[in-house]
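Novice: Give me a model of this one.
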Amino acid sequence: MNGGIELPLHEPLQATLRKITERLAAELAKPSLVAPDWSPIEWQLARAVAVIHCVSPLLSGSLRWEGPAHWRDFLAGQKAQVTDRHRRIQELLDQR
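Specialist: Got it, this is the predicted structure:
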């Protein structure tokens with residue numbers, strides 16, 4: 001379900017995904033001070049891109065800008081999941 005937001009057609013979607021991926025990669029390499037001026041659907045796609053490329057936890061610790069509240073909440077949730085996963089892995093290793 002798209003939450004009532006109209007999804008772009010295939011070719012524009014592909015270009016949008018590429019643009020978002022490149023921006024997030026650039027933010028990891030050299031964080032900027034200004035959040036992207038993305039539409040609501042682009043922010044949703046950014047969440048998907050971050051998950052697909054497994055960079056959400058990295059972004060949560062390296063971005064200099066905050067972005068919209070839902071983006072901050074997403075990154076905080078992703079970081080918490082990774083922290084919990086690492087803690088659980090360590091607990092399992094300690095049981096050996």
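Novice: what about the strands in the protein?
Specialist: Taking DSSP state E as the criterion, the chain carries no strands.
Novice: So, low pLDDT: which residues of this protein?
Specialist: Counting by pLDDT under 70, the low-confidence segments of the chain come to 1-10.
Novice: any idea how far Val55 is from Leu92?
Specialist: 25 Å (C-beta to C-beta, to the nearest Å). C-beta here means a position set from N, CA and C on the backbone, and glycine is covered the same way.
Novice: ditto for Ala76
Specialist: The gap separating Ala76 from Leu92 is 25 Å, by C-beta to C-beta.
Novice: what about these two, which has more around it?
Specialist: The neighbour comparison of Ala76 against Leu92 (other C-beta atoms under 10 Å) goes to Ala76, with 12 against 9.
Novice: Excluding chain neighbours, give the residue nearest to the more buried one in space.
Specialist: The shortest distance from Ala76 to any residue other than its chain neighbours is 6.7 Å, reached at Ser60 (C-beta to C-beta, 6 or more residues apart in numbering).
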